[in-house]
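Pasting the sequence and the predicted coordinates here, then a few questions.
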Amino acid sequence: MANIGYVRPNANGALIGKIECLAFNNVIGLSPVESNNPRAPKYEIMARSGNSWVRVGALFEQTARTTGEVFYQGRIDDPKMDKPLDVALFGNSGPEGGYNVSWTRRRARQDFGQAAPVHGDEGESEGDGLGESTTGREIETDPFAGFPN
């Protein structure tokens, strides 16, 4: 995980901060979600846009299995971004309080054995139906040709 920002309580108690990375560079605020649903997010992530705030994500409360520490995990997404940004907020024990914002990469799901055949593939005896592998083939052109070193 990489630390990419922070969120701190301001003078009025609102949680305001900043995230800075290549995909997202903005002032953010956390707006508490009021819900009786235990699966609802705890906060909406709001980003500053001109003179207003725009909802760009949500944070869900999680508990670390090993330490019991409570943290918040969620995702920031916006049409201008190529793909969503997965984040986790961990409590800051310093005098300013608040949270440190860390970037997390989604982990691939673990393999739990062989998948069931796709409809129509039951009679095939060769291959997996995904086509030929490109592993081991040489690249015919340099993808970085023309770029300075």
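Looks like it came in fine. In this text, all values refer to a predicted model and were calculated from it rather than measured experimentally. Numbers count the residues shown, from 1 in each chain.

how close does the residue nearest the centre of the chain sit to Gly74?
Residue closest to the mean C-alpha point of the chain, counted by Cα atoms, centre = their mean, is Asp86 at 0.8 Å. Look at Asp86 and Gly74: by Cβ to Cβ, to the nearest Å, they are 8 Å apart. (Each C-beta comes from the backbone N, C-alpha and C, glycine too.)

can you check Arg39 too?
Arg39 is 13 Å from Gly74, by Cβ to Cβ.

just how off-centre is stretch 32-42 within its chain?
19 Å (Cα atoms, centre = their mean, to the nearest Å).

Ok, stretch 16-32 next?
13 Å.

Over to stretch 69-78?
7 Å.

Which positions within that stretch qualify as buried?
Judged by neighbour count (16 or more other Cβ atoms under 10 Å), stretch 69-78 contains these buried residues: Phe71, Tyr72, Gln73, Gly74, Arg75, Ile76, Asp77, Asp78.

Stretch 27-42 too?
Buried residues in stretch 27-42 (16+ other Cβ under 10 Å): Ile28, Gly29, Leu30, Pro41, Lys42.
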